[in-house]
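Trainee: Provided below for reference: sequence and predicted model.
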Amino acid sequence: VLFRSETFYDLTKEALNEKSMVSAEYYLKFTERLSNIVNDLQKETEDITVSVRGFKTQIDLTKENCNTPEKFAKIINDFTHSLPVKGLQALQREVELIQGVGKVMDSDEYKAFLDTASKFYNYSFNNKMLIYLHNPEATYVRTYKQWNDDFGRTVNHGEKGITLLRPTLEYLNSEEKITRYAERHIVEDKRDDFISSAMQKLNEGHPYSQIIGYNTFKVFDVSQTEGEKFPTASTLVDMDIEGDIDHFDDIKDTIIDIMNSNGITTVDFKGKDEDDILKSGAYGYFSPSHNSIVISNDMSQVNTINTMVHELAHALMHGKEMKVNGIENSHLLSKSEKELQAESVSYMVCKSLGIETDAKSFGYISTWMSKDKADGIIEMRKNLNTISRCSNYIMNNGINKCIERINAEKQAELENNLESEQEVVLD
């Protein structure tokens, strides 16, 4: 006997976050637990009722009302639509992207996700994942109105957009709101500092904001549109068989500038015989105690750029004193987790530059898989969010400008070549 004649489950303990909203993580855990209860219920020999409460909504399960997949799906659907949730569609997108995180726990899928995510460094991790799940080949997405107003292009008839998430913000624009927020969400020993900082922002005209929910909006890839000419991406940098790339010095200097602007006091390039750590086989390393980075000078240009970004990522994410806005400092992670984070960032940034690295797989992904699948997915989502924020930071603090310079130079070179060809024809 799995159940008593009257069994009651209350699965609401994890139902609410700070703003009394149902979280996607809770929703997935709830439905997974509900499925397990239904499977056990079908093994019962007697007709009994199992009552399950989730977020003030009670579901009464019997062998009869959930004995087929269709009936169980209806129960889940009725439960979902009974939730007092602001923006049910946003919750469904949240659930979808968490399921996507579970999907990319496979090494090949993970690499494919990074390929797609590297094209969208102005988007959040959530929206990168949703783009990947619906159109992994997408290269440039905008809303219907943006395509029409900004690019003179229209979305083709019958095309389906990708639904993304847009945060709804509440601004702490009064002392009362700041104090109330601090009492609810900030631990006591840090509360006074938060209130002081938030009041300073308010007085400067930039009030602190918090996410209270999500709305949805649709975007379309350029391949789904037609109209005025749109510049298609070409290979940004050219690589030869030896691993040398054009614009190497510009890219290298840009990365060094990012390092220096983030407190890296020393960036050295040394031969393997000059450094014990490099002699042991390392390509480079970041020293948190000295805020310095050392890179081997015995590598190809491709590996040099890849290693420089890799060590910069270590500094931004794992340096004890680093406090880069938006990047969660995770210096307490295991070595393998740190390596996976840094390698993922360097792969994405290099991919954005058009540099193909030798990363074939990401074998450390299994380190994020705990015994409980739901907890493993939540942990991986947290790590992927950190990776996404770090790569976005590097791209938006120098690499994007470098890409613009390279593109402008390549365009000027192309135009000069066309003019030369025309002169030859005229002669």
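Mentor: It's in. Numbering: from 1, shown residues only.
Trainee: what segments of the stretch 101-250 of the chain are strands?
Mentor: Listed in chain order, the strands of the stretch 101-250 of the chain (DSSP state E, counting those that start in this stretch) span residues 141-142, 153-155, 162-171, 209-221, 225-227.
Trainee: output the contacting helices and strands for the fourth one.
Mentor: What that stands for is strand 209-221. Based on contacts counted as 3 or more Cβ pairs under 8 Å, 6 or more residues apart in numbering; DSSP states H and E, the elements that strand 209-221 packs against are helix 88-103, strand 141-142, helix 144-151, strand 162-171. Yep, even glycine has a C-beta here, placed from its N, CA and C like the rest.
Trainee: who does the shortest one pair up with?
Mentor: Based on DSSP bridges, the pairing partners of strand 141-142 within the sheet are strand 209-221 (antiparallel).
Trainee: likewise for the last one?
Mentor: With DSSP bridges as the criterion, the sheet partners recorded for strand 162-171 are strand 209-221 (antiparallel).
Trainee: what are the buried residues along stretch 304-316?
Mentor: For stretch 304-316, the neighbour count (16 or more other Cβ atoms under 10 Å) marks 304-316 as buried.
Trainee: just stretch 378-393 next, same as before
Mentor: Residues of stretch 378-393 classed as buried: 378-381, 383-393 (neighbour count, 16+ other Cβ under 10 Å).
Trainee: which ones among the residues you listed map onto helices?
Mentor: In helices, defined here by DSSP state H, the members of these are 378-381, 383-393.
Trainee: least confident pick among those?
Mentor: The member of those with the lowest model confidence is Ile378, at 73 (criterion: pLDDT).
Trainee: so how far is Ala408 from that residue?
Mentor: From Ile378 across to Ala408, the span is 43 Å (Cβ to Cβ, to the nearest Å).
Trainee: ok, Ser346 next?
Mentor: Distance, Ser346 to Ala408, using Cβ to Cβ: 25 Å.
Trainee: more neighbours: which of these two?
Mentor: Per other Cβ atoms under 10 Å, whichever of Ser346 and Ala408 has more neighbours is Ser346, with 25 against 10.
Trainee: confirm that one sits in a strand?
Mentor: No: in this structure, Ser346 is helix, not part of a strand, as judged by DSSP: H, G, I helix; E, B strand; the rest coil.
Trainee: hmm, Leu353 and it touching each other?
Mentor: No: under the criterion of Cβ atoms under 8 Å, Ser346 lies out of contact with Leu353, with a separation of 10.6 Å.
Trainee: which one is Gln210 nearest to, not counting chain neighbours?
Mentor: Once its chain neighbours are removed from consideration, Gln210 has its nearest residue in Glu170; the separation is 5.5 Å (Cβ to Cβ, 6 or more residues apart in numbering).
Trainee: do Ile255 as well
Mentor: The shortest distance from Ile255 to any non-neighbouring residue, by Cβ to Cβ, 6+ apart, is to Met308 (4.8 Å).
Trainee: Leu164 contacts Tyr214, doesn't it?
Mentor: No: with contact defined as Cβ under 8 Å, Leu164 does not count as touching Tyr214 (9.6 Å).
Trainee: name the residues contacting each of those two.
Mentor: Overlap between the contact sets of Leu164 and Tyr214, as judged by Cβ atoms under 8 Å, 6 or more residues apart in numbering, is given by Arg93.
Trainee: which intervals of the stretch 1-150 of the chain have sub-threshold pLDDT?
Mentor: Within the stretch 1-150 of the chain, the stretches with pLDDT under 70 are 1-29, 53-57, 79-91.
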